[in-house]
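**Student:** can you look at this prediction? I've put the sequence above it.
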Protein chains: 4
Amino acid sequence: MLENLKEEVLEANLDLVRHGLVIFTWGNVSAIDRASGRVVIKPSGVEYEALKAEDMVVVDLDGNVVEGSLRPSSDTPTHLALYRAFEGIGGVVHTHSTYATTWAQAGLDIPSLGTTHADYFHRAVPCTGDMTHAQIDGDYEAETGAVIVERFRGLDPLHTPGVLVKNHGPFAWGRDAHEAVYNATVLEQVAKMAFVTKLLNPTAGIDPLLVEKHFRRKHGPDAYYGQK
Amino acid sequence: MLENLKEEVLEANLDLVRHGLVIFTWGNVSAIDRASGRVVIKPSGVEYEALKAEDMVVVDLDGNVVEGSLRPSSDTPTHLALYRAFEGIGGVVHTHSTYATTWAQAGLDIPSLGTTHADYFHRAVPCTGDMTHAQIDGDYEAETGAVIVERFRGLDPLHTPGVLVKNHGPFAWGRDAHEAVYNATVLEQVAKMAFVTKLLNPTAGIDPLLVEKHFRRKHGPDAYYGQK
Amino acid sequence: MLENLKEEVLEANLDLVRHGLVIFTWGNVSAIDRASGRVVIKPSGVEYEALKAEDMVVVDLDGNVVEGSLRPSSDTPTHLALYRAFEGIGGVVHTHSTYATTWAQAGLDIPSLGTTHADYFHRAVPCTGDMTHAQIDGDYEAETGAVIVERFRGLDPLHTPGVLVKNHGPFAWGRDAHEAVYNATVLEQVAKMAFVTKLLNPTAGIDPLLVEKHFRRKHGPDAYYGQK
Amino acid sequence: MLENLKEEVLEANLDLVRHGLVIFTWGNVSAIDRASGRVVIKPSGVEYEALKAEDMVVVDLDGNVVEGSLRPSSDTPTHLALYRAFEGIGGVVHTHSTYATTWAQAGLDIPSLGTTHADYFHRAVPCTGDMTHAQIDGDYEAETGAVIVERFRGLDPLHTPGVLVKNHGPFAWGRDAHEAVYNATVLEQVAKMAFVTKLLNPTAGIDPLLVEKHFRRKHGPDAYYGQK
């Protein structure tokens, strides 16, 4: 079942290690087959070196395991909440990458301070607010997803393909698992550069027109970056 | 004698290099066989590239060398003090890893600022106070252990499996040598992230309930992370 | 056409990855054949691992594609503006390298604070001012080049072979593609060291005579560094 | 002539790259044969990948080339000044390693803030003062050596085996070339840790007795670290 997608999800999980975004088991990638509504996700707590495509777990959008002998990532309910709410996305990533996580720990949005950010994220990367005690004590991982979705009210998730969960870490997404990992890598890099920039110049900012220009170079009908 | 344990301790020492926690000879790992009360530890001042399992030194809990032609790590009395005081631990690590050491040099506990910390350390990673001149001039390495044990009065060492010795560096531990190194690696990572977070937002904090939630996801009867 | 130059430009592009200056497709190198006025440049948005010499695109100084089936880098008009204005240069590099980009995001010149900087950059590495809305909405990449050239009025581009485009990132250049990449690497290193220096000592400065001494050790008639 | 020493100096130069202390040609190591008063040093401006033992240049203590077809490092007069003034040393290293160089650019001594520092450097790593214009315009590299020697008046160079030349970078030394590189590596690491410590706690300090204790663990008649 979904063998190609399992391979893609395996490769995307291994890319987390290659891009330096995770140590140990601190991350997970999933992808969805929109036709069947099935989600393929990394099993919980398994070391990356040992991962095989057949270890990937298939769940439906309600979280029922459809195939696989291992337990899915404990973050699965968060992934599913994002797939249900953000229709255009095909892959989701969660990491504890160093700099993105520190912005989450600081409880701050990552401001757009340069064209590197604007090329991929149309707006500041938003940080969620505090979860309520009812959310923490309740269905925690599903509530984490709900908090993200709430934070994106009025934002286009494909134009700002990542979020910081306060005191936790980043989630990123994309049209497929590969693009989700790509965006998670960009997010880590812009998080690091925004940190250094803020130490160099606490009042640094950017002209909104420059943001718009760069975002439109890569997105939408007038994009002209790459080979089309 | 204890050949399997020697192999484990050798591998754990080499993992310090693989995880980027030590350069030169700046670290050591030991493990205890609780049945016999024997401790296996790295020899003093030997380069990691040259280490072999048979170089590992076996000592008893009073520090007498039971087997081995090399001198044990100069930090052996500190390790032994921890094994005597913390009954549940099976492995101990000492490093001078960069960020954990800087918190020790700053004389500050590493505050819990995120779920990455809470997943492994129930509380702030404590920093010891200044040693007295009698302690420094006395049986220094044993006194270092005494200062750590004193600092952990009222704390569960397996729930907060690491400490900063002021102006010196971190010790970490776990149920075995492998877990001790794992915890030392996490300690370095949370130390780095706490440093960056404090520069981004000096007043950053975390809801204690969120700490509790994450710690219980991985520890205790209600844990649900991993494959059990 | 220009097969040797294509090889040089390919190697210089791959060196960006080897020197840690770029991830993904975030950089480009070009070189000019002054005799023919042809410029060889990386194609737009192609991953470095997949690049071959024959993928390099040949354009004239007005930006017309003379040879090549791929689209040239979207930054081509900036490169061309530099070749037209700075007669002595033979290679141009653009990256989003971490520390140079953060100075650009901070909108600050990188001050000369040591001999490492002075050995390669005679002056502070200048940061351009804000682009006007007409420039952003107009022929943006060509205008980026114009802003750089404007900023270098009165400066010798071969004595200060790099610039920060505000809120964007660095461009560097040299007598050929190899030297341009070399200078881009130095620029990243001095950017990092200037950042750390400013945090250690916000009032740090350098004696202008020491700058002059070091620059003249490596440049001009009295140079005595290297094997000549 | 001095073939073994040439091999040692070659290896020590290559170790600069392995330890991440230099890029390009930004460093040099020498060693002295005290019996003959001959110094073996890296040639100027040659890439490390291309270096061979026979490229090493042999000079006397007055700087005359005794053997070798290449020009010796431009920093040779500084090395020679150190060999003439510091009788116990056998190897000298110069680098532009990132964090040590930033303390030099900041014009600040690296304070002893922990046992990592005290294990190798008995005191703060001193930073020289500004050179006079006569020194800069005169025999610059020899004057650089003179400034270092002046700064060490009253200090034991083997107990504090390194220095920061203001606005330039570190020199380190040891009983031979290998130990000099070792000390240069330690210097870079303590420079980084002191930087982070000062950001975490600007008033961080250390008990002088703890410094003394750690220094004596590794140096002098009561040393008990290592295998003797």
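**Tutor:** Structure's in. What do you need?
**Student:** next, give phi and psi for A:Cys127.
**Tutor:** The phi/psi pair for A:Cys127 (degrees, to the nearest 10) reads phi -110, psi 130.
**Student:** so it touches A:Leu108, yeah?
**Tutor:** Yes - counting by CB atoms under 8 Å, A:Cys127 touches A:Leu108, with 5.8 Å between them. In short, each C-beta sits where N, CA and C put it, glycine included.
**Student:** check what pLDDT the residue in chain A positioned nearest to chain D gets.
**Tutor:** As assessed by CB to the nearest CB, chain D sits closest to A:Leu199 within chain A, at 9.2 Å. pLDDT for A:Leu199: 98.
**Student:** surely it forms part of a helix?
**Tutor:** Yes - checked against DSSP: H, G, I helix; E, B strand; the rest coil, A:Leu199 lies within a helix.
**Student:** any regions of chain A where pLDDT drops low?
**Tutor:** Across chain A, the ranges flagged by pLDDT under 70 are A:228.
**Student:** all strands for it, in order.
**Tutor:** Here chain A has its strands, by DSSP state E, at A:27-33, A:38-41, A:57-60, A:65-67, A:91-95, A:162-165, A:169-174.
**Student:** show me what the second one is packed up against.
**Tutor:** With contacts defined as 3 or more CB pairs under 8 Å, 6 or more residues apart in numbering or on different chains; DSSP states H and E, the packing partners of strand A:38-41 are helix A:3-18, strand A:27-33, strand A:57-60, helix A:76-85.
**Student:** who's in contact with the longest one?
**Tutor:** Spelled out, that is helix A:3-18. Contacting residues not belonging to helix A:3-18 are listed as A:22, A:27-31, A:33, A:40-42, A:48, A:51-56, A:58, A:91, A:93, A:95, A:176-178, A:180-181, A:184 [CB atoms under 8 Å, 6 or more residues apart in numbering or on different chains].
**Student:** next, the angle strand A:91-95 makes with that helix.
**Tutor:** 30 degrees (axes from the mean of the first three to the mean of the last three CA atoms, to 10 degrees).
**Student:** contacts only, for the most centrally placed residue in chain A.
**Tutor:** Geometric centre of chain A, nearest residue: A:Ala172, 1.2 Å, by CA atoms, centre = their mean. Applying CB under 8 Å, 6+ apart, we find A:Ala172 in contact with A:Val92, A:Val93, A:Thr95, A:Pro161, A:Gly162, A:Val163, A:Ala180, A:Val181, A:Asn183, A:Ala184, A:Leu187.
**Student:** now A:Ala134: how far from A:Val149?
**Tutor:** 17 Å (CB to CB, to the nearest Å).
**Student:** more crowded one of those two?
**Tutor:** Between A:Ala134 and A:Val149, counting by other CB atoms under 10 Å in any protein chain shown, A:Val149 is the more crowded of the two (17 against 8).
**Student:** which residues touch that one?
**Tutor:** A:Val149 sits next to A:Ala81, A:Leu82, A:Ala85, A:Phe86 when contact means CB under 8 Å, 6+ apart.
**Student:** please check these and keep the buried ones.
**Tutor:** For these, a burial check counting by 16 or more other CB atoms under 10 Å in any protein chain shown picks out A:Ala81, A:Leu82, A:Ala85, A:Phe86.
**Student:** for the residue nearest to the first one when sequence neighbours are not counted, grab the count of nearby residues.
**Tutor:** Residue nearest to A:Ala81 in three dimensions, not counting chain neighbours: A:Gly145, with 2.4 Å by CB to CB, 6 or more residues apart in numbering or on different chains. Neighbour count of A:Gly145, defined by other CB under 10 Å: 24.
**Student:** you'd agree A:Gly145 is up against A:Thr76?
**Tutor:** No - between A:Gly145 and A:Thr76 there is no contact under CB under 8 Å: 9.8 Å.
**Student:** ok, the residue in chain A that chain B sits nearest to to A:Lys6 distance?
**Tutor:** Relative to chain B, the nearest point of chain A is A:Gly45 (2.9 Å; CB to the nearest CB). For A:Gly45, the distance to A:Lys6 equals 18 Å [CB to CB].
**Student:** more neighbours, those two?
**Tutor:** Legend: neighbour count by other CB under 10 Å for A:Gly45 and A:Lys6, higher for A:Lys6 (22 against 17).
**Student:** thought A:Thr115 was touching A:His214?
**Tutor:** Yes - assessed by CB under 8 Å, A:Thr115 is found in contact with A:His214 at 4.4 Å.
**Student:** show me what from chain A comes close to chain C.
**Tutor:** Residues of chain A found near chain C (CB under 8 Å from any CB of the partner chain) are A:19, A:113-116, A:182, A:185-186, A:189, A:192-194, A:196-197, A:199-201, A:204, A:206-207, A:209-210, A:213, A:217, A:224-228.
**Student:** which residues touch the residue of chain A closest to chain D?
**Tutor:** Counted by CB under 8 Å, 6+ apart, A:Leu199 has contacts B:Leu199, C:Phe195, C:Leu199.
**Student:** please redo it, this time with the cut-off set to 10 Å
**Tutor:** B:Val196, B:Leu199, B:Leu200, C:Thr102, C:Ala106, C:Phe195, C:Val196, C:Lys198, C:Leu199, D:Leu199 (CB atoms under 10 Å, 6 or more residues apart in numbering or on different chains).
**Student:** check A:Thr78 too.
**Tutor:** Contacts of A:Thr78 (CB under 10 Å, 6+ apart): A:28, A:30, A:92, A:94, A:140-148, A:165, A:168, A:171.
**Student:** ramachandran angles for A:Glu47?
**Tutor:** phi -60, psi 140.
**Student:** surely it and B:Tyr182 touch.
**Tutor:** No - the criterion here is CB atoms under 10 Å, and A:Glu47 misses it with B:Tyr182 at 11.1 Å.
**Student:** so which of the two has more stuff around it?
**Tutor:** More crowded of A:Glu47 and B:Tyr182, by other CB under 10 Å: B:Tyr182, with 22 against 9.
**Student:** returning to what we had before: mutual contacts of A:Thr115 and A:His214, please.
**Tutor:** Here A:Thr115 and A:His214 share the contacting residues A:Ile206, C:Asn167, C:His168, scored by CB under 10 Å, 6+ apart.
**Student:** does stretch A:19-27 reach chain D?
**Tutor:** No - residues of stretch A:19-27 are not located near chain D by CB under 10 Å from any CB of the partner chain, the shortest gap being 16.3 Å.
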